[in-house]
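**Student:** what's the 3D shape of this:
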Amino acid sequence: MLSRKVHMNKLKEYAMITVIALAFLLITGIAKADTQPKQFVETVASVPGKVSTHIKDEWAETKEYQANSWAEIKFKFKGLKEKFQAKQ
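**Tutor:** Numbering: from 1, shown residues only. Predicted coordinates for the structure are as follows:
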């Protein structure tokens with residue numbers, strides 16, 4: 001069984017952790033309270049449009065890259081094919 005002194009030390013430790021956690025919550029709560037609701041709503045509302053635009057842009061870039069890549073491979077394959085046909 002733990003002595004009374006050990007119990008007091010544990011109690012002090014728990015009290016200190018509680019005070020630190022409470023202070024952290026209060027500080028972060030005040031920081032969040034500074035944001036303007038209208039600006040926050042506008043920012044959140046614009047997210048789907050930004051995501052959609054990003055996906056469309058990435059899709060277009062991917063299609064362009066694939067077209068260039070296929071054209072390059074076709075050119076190289078044509079050159080390789082001509083090289084083998086010339087040796088026969």
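
**Student:** okay, now H7: neighbour count?
**Tutor:** 11 (other CB atoms under 10 Å). Backbone N, C-alpha and C define where each C-beta goes, glycine included.

**Student:** model confidence for it, exactly?
**Tutor:** Among the per-residue scores, H7 shows a pLDDT of 82.

**Student:** what confidence value was assigned to T18?
**Tutor:** Reported pLDDT for T18: 93.

**Student:** in which helix or strand does it reside?
**Tutor:** For T18, the host element (DSSP states H and E) is helix 4-33.

**Student:** low-confidence stretches in the chain?
**Tutor:** Scanning the chain for pLDDT under 70 picks out the ranges 1-2, 30-35, 87-88.

**Student:** between helix 4-33 and the longest helix along it, find me the angle.
**Tutor:** Ranked by residue count, the top helix of the chain under DSSP state H comes out as helix 37-87. With axes from the mean of the first three to the mean of the last three CA atoms, to 10 degrees as the basis, helix 37-87 and helix 4-33 are set at 80 degrees to each other.

**Student:** care to break this structure down by domain?
**Tutor:** 1-34, 36-88 (automatic domain parsing).

**Student:** against K81, how distant is K38?
**Tutor:** Noted for K38: a distance of 64 Å to K81, by CB to CB, to the nearest Å.

**Student:** er, I55 actually
**Tutor:** According to CB to CB, I55 stands 38 Å off from K81.

**Student:** swap in K63?
**Tutor:** From K63 to K81 the distance is 26 Å (CB to CB).

**Student:** fine, thanks again, bye for now.
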